[in-house]
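>>> Next one to model:
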Amino acid sequence: MSVPQKIRHLILVTGLSGAGKSSALKYLEDLGYFWVDNLPFELMPTCLEHFARQGQAHLAIGIHVRDRVGVECFQECRQPLFDLAERVETLFLEADTDVLIRRYRETRRRHPLAQELTVSEAVRLESDNLALVRANADMIIDTTAMTVPQLKEHLDQAFHADLDADMMIFIRSFGFKHGVSTDADMVLDGRFLLNPHYEEALRHLTGLDEPVVRFLEQDGEALLFLDRLTSLFGYLIPRYQQEKKRYFTVDIGCTGGQHRSVYLVERLAERLIRLGHPVRVRHRDLDHGKGGGCG
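Okay, the predicted model is just below:
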């Protein structure tokens, strides 16, 4: 009897109740992962063998462990899975205790451990029980301040289904006055460039508009900066790819996220695309209003 082909990528999705495990599983399905939720530990090897025979390459399994006995079973059953999948990763979702308590109160759902405990006691107990699982996780996502779309984008960056594709590059503009992004691999500051905000005719435009582009390129500094960045990424990207990095996120900021950072993101993306790299662009703060953010 022939040995079944291995699952290429298995993601074990676990974490604190209310932190977003169900949402994560559903979005992983959109990325091309077949998912199974709350599968008994003893059935996992059989499940993987079945899906391998079916030719399923990407699989996500929701793991719900809440007490120390369940944690021990999970740790014991996890190791044999490495013989059945080429790559096994544990994704742990969490959120601040106060946020989890608020989510349960708002939805009026019962916490799985709140049989004879208050919600706050149950959340803290589960967090303590899962400390070992968290410590051994390959990736931890804190959903405290995340919206569902932000969680989806984070998963898209981390677990894009086409694992043979080139490293995905995300380039995002933002305004420092609205807060600095914290999950980028690199943060660049474009505030040294000429500021279109101080030109009355440009204040209510953005870096997507041609008059702003002409203004920023008039003294040559923006183009020189882009030349330097293109050279830097030409050096970095092949080395990140050698390390099997699947995504690289660059945030470029200016004061308000309307003019300079938007221009730099668009032009840098164009250059990297011409070099053959897959790039996705995001403009975080354009919805704060055209021209209202001092450049």
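
>>> All the strands of this protein, in order from the start?
Using DSSP state E, the strands found in the chain span residues 9-15, 34-37, 58-62, 88-94, 139-142, 168-175, 186-189, 247-254, 279-283.

>>> could you dump the fifth one to CSV, C-alpha only?
As requested, the backbone C-alpha atoms of strand 139-142 are provided in CSV (Å, rounded to 0.1, in the frame of the first residue of the first chain):
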residue,chain,number,x,y,z
MET,A,139,2.7,32.8,16.0
ILE,A,140,0.8,34.9,18.5
ILE,A,141,-1.8,37.4,17.3
ASP,A,142,-3.1,39.9,19.9
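
>>> Show me which positions of it end up buried.
Using 16 or more other C-beta atoms under 10 Å as the test for burial, strand 139-142 gives 141-142. Backbone N, C-alpha and C define where each C-beta goes, glycine included.

>>> That one pairs with which strands, parallel or anti?
strand 88-94 (parallel) (DSSP bridges).

>>> rewinding a little: as a markdown table, the strands of the chain with mean pLDDT would be great.
As requested, the strands of the chain are exported to a markdown table (pLDDT from 0 to 100):
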| stretch | mean pLDDT |
| --- | --- |
| strand 9-15 | 93 |
| strand 34-37 | 92 |
| strand 58-62 | 92 |
| strand 88-94 | 94 |
| strand 139-142 | 93 |
| strand 168-175 | 93 |
| strand 186-189 | 96 |
| strand 247-254 | 92 |
| strand 279-283 | 92 |
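
>>> In JSON lines, list those strands along with distance to residue 119.
Formatted as JSON lines, those follow (distance: least, C-beta to C-beta, whole Å):
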{"stretch": "strand 9-15", "distance to residue 119": "17"}
{"stretch": "strand 34-37", "distance to residue 119": "23"}
{"stretch": "strand 58-62", "distance to residue 119": "22"}
{"stretch": "strand 88-94", "distance to residue 119": "16"}
{"stretch": "strand 139-142", "distance to residue 119": "20"}
{"stretch": "strand 168-175", "distance to residue 119": "35"}
{"stretch": "strand 186-189", "distance to residue 119": "37"}
{"stretch": "strand 247-254", "distance to residue 119": "35"}
{"stretch": "strand 279-283", "distance to residue 119": "35"}
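
>>> Let me see the domain layout of the protein.
According to automatic domain parsing, the chain comprises the domains 9-158, 168-288.

>>> Check the ones you listed for me: which has the lowest mean pLDDT.
Mean pLDDT values for the domains of the chain show the minimum at domain 9-158, a mean of 88.

>>> Now do that domain: distance to the chain's middle.
Centroid separation for domain 9-158 versus its chain: 16 Å, with C-alpha atoms, centre = their mean, to the nearest Å.

>>> From start to finish, how long is it in a straight line?
Counting by C-alpha to C-alpha, to the nearest Å, you get 13 Å between the two ends of domain 9-158.

>>> Would you enumerate the residues in contact with the nearest residue to residue 7 once chain neighbours are set aside?
Distances taken as C-beta to C-beta, 6 or more residues apart in numbering place residue 85 nearest to residue 7, at 4.1 Å, with adjacent residues excluded. Residues counted as contacts of residue 85 (C-beta atoms under 8 Å, 6 or more residues apart in numbering) are 6-10, 48, 59.

>>> Mind doing that once more with 7 Å?
Neighbouring residues of residue 85 by C-beta atoms under 7 Å, 6 or more residues apart in numbering: 6-7, 10, 48.

>>> for this structure, longest helix please?
helix 221-242 (DSSP state H).

>>> Run through the neighbouring helices and strands of that one.
Contact partners of helix 221-242 among helices and strands, from 3 or more C-beta pairs under 7 Å, 6 or more residues apart in numbering; DSSP states H and E: helix 260-274.

>>> run the last query once more with 8 Å
strand 247-254, helix 260-274 (3 or more C-beta pairs under 8 Å, 6 or more residues apart in numbering; DSSP states H and E).

>>> Residue 194 contacts residue 214, doesn't it?
No. Using C-beta atoms under 8 Å, residue 194 makes no contact with residue 214, being 11.2 Å away.

>>> Who has more neighbours out of those two?
residue 194 (17 against 10; other C-beta atoms under 10 Å).
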